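**Student:** please find the sequence and the predicted model below.
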Amino acid sequence: MAGEPQSDCLFCKIVSADIPATIVRESETTVAFRDINPQAPTHVLVIPKVHYPDAASLAAAEPRIAADVLREAGAVAADEKIDSTGYRIILNTGSGAGQTVFHAHAHVLGGRGLQWPPG
């Protein structure tokens, strides 16, 4: 059921501390941790503690928590000192867009030039 932890979800297991991660921030509703396959010098994932398969379903069901994810992404950028040089927040939705873990999450990337359109 949406919103409930899923036993086969990698990110739900990180939220419950069943799988370790390098946590950089945590709030009442979110967890932020370093990506294990970074695409930039700073690459942090911000996830809601509740399970929804993608950002659109999270925003529809829990708009406050979706806003928390974005707020925490900005806080991560400030903590990582990339807020003044520029950073990107990416929300992939669906496998065709590159989503590989179907638990809503935002990528915070920075620390190098980020061209547009992306590679």
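**Tutor:** Everything's here; your move.
**Student:** which residues does the biggest strand by length in the chain contact?
**Tutor:** In the chain, assigned by DSSP state E, the strand with the most residues is strand 42-48. Strand 42-48 has contacts (C-beta atoms under 8 Å, 6 or more residues apart in numbering) with 11, 14-15, 24-25, 29-35, 58, 62, 65-66, 68-69, 72-73, 76-77, 80, 82, 87, 103-111. For the C-beta atoms, the positions are set from N, CA and C on the backbone; glycine is no exception.
**Student:** can you tell me which of these are buried?
**Tutor:** Listed as buried from the contacts of strand 42-48 are 11, 14-15, 24-25, 29-33, 35, 58, 62, 65-66, 68-69, 72-73, 76-77, 80, 82, 87, 103-111; burial here means 16 or more other C-beta atoms under 10 Å.
**Student:** quick one: which of these sit in strands?
**Tutor:** 24-25, 30-33, 87, 106-110.
**Student:** point out where the protein drops to low pLDDT.
**Tutor:** Residues of the chain meeting the criterion pLDDT under 70: 1, 119.
**Student:** so where's the longest helix in it?
**Tutor:** In the chain, taking DSSP state H as the definition, the longest helix is helix 63-79.
**Student:** quick one, that helix and strand 42-48 angle?
**Tutor:** Relative orientation of helix 63-79 versus strand 42-48 (axes from the mean of the first three to the mean of the last three C-alpha atoms, to 10 degrees): 160 degrees.
**Student:** hmm, who's touching helix 63-79?
**Tutor:** Contacting residues not belonging to helix 63-79 are listed as 24-25, 27, 29-30, 32, 42, 44, 46-48, 50, 55, 58-59, 83, 87, 89, 104-106, 108, 110 [C-beta under 8 Å, 6+ apart].
**Student:** go again using 7 Å as the cut-off
**Tutor:** Residues outside helix 63-79 that contact it (C-beta atoms under 7 Å, 6 or more residues apart in numbering): 24-25, 27, 29-30, 32, 44, 46, 48, 50, 55, 58-59, 83, 87, 89, 106, 108, 110.
**Student:** let me know the angle separating that helix from strand 30-34.
**Tutor:** Between helix 63-79 and strand 30-34, the angle comes out at 40 degrees (the same axes, to 10 degrees).
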